[in-house]
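Enquirer: sharing a model prediction with you, sequence too.
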Amino acid sequence: MKVLVADKFEKSGIDGLKAAGCEVVHEPELKDDALTAAVAETGADVLVVRSTKVSEAMLQAGRLSLVVRAGAGYNTIDVAAASRRGIYVSNCPGKNSIAVAELTLALILALDRRVPDNVAELRAGRWNKKEYSKARGLYGQTLGLLGSGSIAREVIRRAAAFGLDVVLWSRRFAGQDRPLAKEEAQALGLESAAPIVIAPSPAEVAARCDILSVHLALGPETRGLVDAALLGRLKPGAMVINTSRGEVVDHEALAAAIKEKGLRAGLDVYRSEPPTATGEMSDPIVGLPGVYGTHHIGASTDQAQEAIAAETVRIVRTYLQTGEVPNVVNLCRKTPATHMLVVRHRDRPGVLAHVFEHLRQGNLNVQETENVVFEGAEAAVARINLDDAPAPALLDQIRAGNADVLDLQLIAL
């Protein structure tokens, strides 16, 4: 199996892929047309990327069967195009959670104590203890979280050490307004954290918190979720932290709220970021007073990158050895089939070919199939998901046409 790695990638990951028996082509600078050409020229089976965009043209260029996003989010990959071509898309969820949570807390602390401004003044040769002694402190404040995924949970664990109360909204608890039950906290691995309150909506989180931190994946329902109305619920001087995706926050609305309400913001992500690791940054929000920005580095610790490399190797190795893909994101959550045909048969050549040929003649589409062999390899059961019900006459033909078909059962799904 040939693997094309089209981004910076840990040496441990390259070595792990080779040890798994893969031929590895590592071209970390490939982008756009050059990457499309490389997919075609290398004949790669697997493409591994980090921040590089994967377009439909790239997916069509060669013989790719798997794209691995060496990270959590996969909005830079044309997942719909991959699905149309039967290409798996997989990611590495949770492997960078601690790193992003650490940066989230770093931004909160930096805003509270104005650390970058302190540093800038000292570097300019100015001593201003009177000004920089002004800080509220975090203890007893309320941290509002949008999202309850792995990063949010790591933030909650660290927030407890600072004495922060937590209020959160998540689609998991949509519309609920209550404390998080002990057993729910245990299920989320948060039994040792401070008490957590569930809010019924993002706006209610904003109304109750001093610090709003965003930890949501980007999708149609989350794009622009943090808008003017939600920001309007925040207290004057509140903090807004975004280490998720830039498009989740309406930057014009946030800039207006910073100017009008004195909000402070810690941002690691932006709506428009340079396509390369270095370049010009033109988003005006980073120049506003009270805004501290970092360079989309939330996941960029050595620990996180090693963990992501190991998970990428696990995904590719599993695919190579079993044909299955861990963490796949673009399979149907529910089968589109309407009926299952269960075929109990002798484990002989040609039995399933006989069944499938009759299904084809009946213009029935086989959407999923599984064949399980019994001990001794004398008999097996095939479960065949279909887009419609076979006619009774067709079932009779399948039964009568091959002596190795032992029984048929049709189940409506």
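Expert: Everything's here; your move.
Enquirer: pLDDT weak spots in the stretch 51-200 of the chain?
Expert: For the stretch 51-200 of the chain, the stretches flagged by pLDDT under 70 are 192-193.
Enquirer: how does it look with 90?
Expert: Filtered on pLDDT under 90, the stretch 51-200 of the chain yields the residue ranges 51, 72-73, 75, 94, 172-175, 180-195.
Enquirer: show me the helices in it, by range?
Expert: For the stretch 51-200 of the chain, the helices defined by DSSP state H, counting those that start in this stretch cover 56-61, 79-84, 97-113, 115-123, 129-132, 150-161, 182-187.
Enquirer: and the contacts of stretch 295-314?
Expert: If you take Cβ atoms under 8 Å, 6 or more residues apart in numbering as the criterion, stretch 295-314 is touched by 9-10, 12-13, 16-17, 20, 48, 51, 68, 70-72, 92, 95-96, 98-100, 102-104, 243, 268-270, 273, 326-327. C-beta here means a position set from N, CA and C on the backbone, and glycine is covered the same way.
Enquirer: let me redo that: stretch 254-268
Expert: Residues from elsewhere that reach stretch 254-268, judged by Cβ under 8 Å, 6+ apart: 103-104, 107-108, 110-111, 226, 228, 231-232, 234, 236-243, 246, 284-286, 288-298.
Enquirer: now swap in stretch 82-91 and tell me
Expert: For stretch 82-91, contacts defined as Cβ under 8 Å, 6+ apart pick out 54, 59-60, 64-69, 71-74, 77, 79, 315, 319, 325-331.
Enquirer: that stretch spans what distance, first to last residue?
Expert: End-to-end distance of stretch 82-91: 14 Å, with Cα to Cα, to the nearest Å as the criterion.
Enquirer: next: stretch 209-220.
Expert: Start-to-end, stretch 209-220 (Cα to Cα) is 25 Å.
Enquirer: about what we covered before: what subset of the contacts of stretch 82-91 is buried?
Expert: 54, 59, 64-69, 71-74, 77, 79, 315, 319, 325-327, 329-330 (16 or more other Cβ atoms under 10 Å).
Enquirer: would you map the strands across the stretch 251-400 of the chain?
Expert: 264-267, 291-293, 339-346, 366-373, 379-386 (DSSP state E, counting those that start in this stretch).
Enquirer: mind checking which of these is nearest E357?
Expert: Ranking the strands of the stretch 251-400 of the chain by their distance to E357 (criterion: Cβ to Cβ) puts strand 366-373 first, at 11.3 Å.
Enquirer: note down every partner strand of that closest one and its orientation.
Expert: Strands that pair with strand 366-373, judged by DSSP bridges, come out as strand 379-386 (antiparallel).
Enquirer: and the strand it pairs with, what's buried?
Expert: For strand 379-386, the neighbour count (16+ other Cβ under 10 Å) marks 379-382, 384-386 as buried.
Enquirer: ditto for stretch 140-152
Expert: So for stretch 140-152, counting by 16+ other Cβ under 10 Å, buried means 141-152.
Enquirer: pull it out as CSV, backbone CA atoms only.
Expert: Taking C-alpha atoms only, stretch 140-152 is exported to CSV below (Å, rounded to 0.1, in the frame of the first residue of the first chain):
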residue,chain,number,x,y,z
GLY,A,140,-15.1,32.2,41.5
GLN,A,141,-15.8,33.3,38.0
THR,A,142,-18.1,31.4,35.7
LEU,A,143,-16.7,29.7,32.6
GLY,A,144,-19.3,29.1,29.9
LEU,A,145,-18.6,26.4,27.3
LEU,A,146,-20.2,25.8,24.0
GLY,A,147,-19.7,22.1,23.3
SER,A,148,-19.0,19.0,25.5
GLY,A,149,-16.5,17.1,23.4
SER,A,150,-13.1,15.9,24.3
ILE,A,151,-11.5,19.4,24.3
ALA,A,152,-14.3,21.0,26.3
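Enquirer: going forward can the numbers begin at 27, since that is how I track them
Expert: Renumbered: residue one is now 27, and that last one reads stretch 166-178.
Enquirer: what's the distance between it and the middle of its chain?
Expert: Put simply, stretch 166-178 sits 18 Å off its chain's centre (Cα atoms, centre = their mean, to the nearest Å).
Enquirer: thinking again about what came up before, just the strands of the stretch 277-426 of the chain: most buried one?
Expert: Of all the strands of the stretch 277-426 of the chain, strand 290-293 has the most neighbours on average by mean count of other Cβ atoms under 10 Å, namely a mean of 24.
Enquirer: how about residues contacting stretch 225-239?
Expert: Contacts to stretch 225-239, defined as Cβ under 8 Å, 6+ apart, come from residues 130, 134, 167-172, 178, 181, 190, 193-195, 200-203, 223, 251-252, 255-257, 259-261, 264-269.
Enquirer: hmm, back to that, now, the buried residues of stretch 166-178 that are in strands?
Expert: When DSSP state E is applied, the buried residues of stretch 166-178 are split such that 168-172 fall in strands.
Enquirer: now do the domain split for this protein, please.
Expert: Split into domains by automatic domain parsing, the chain comes to 28-121+329-348, 123-324, 365-438.
Enquirer: show me how far the first one is from its chain's centre.
Expert: In terms of Cα atoms, centre = their mean, the gap separating the centre of domain 28-121+329-348 from the centre of its chain is 15 Å.
Enquirer: determine how far the last residue of it lies from the first.
Expert: With Cα to Cα applied, domain 28-121+329-348 spans 16 Å between its terminal residues.
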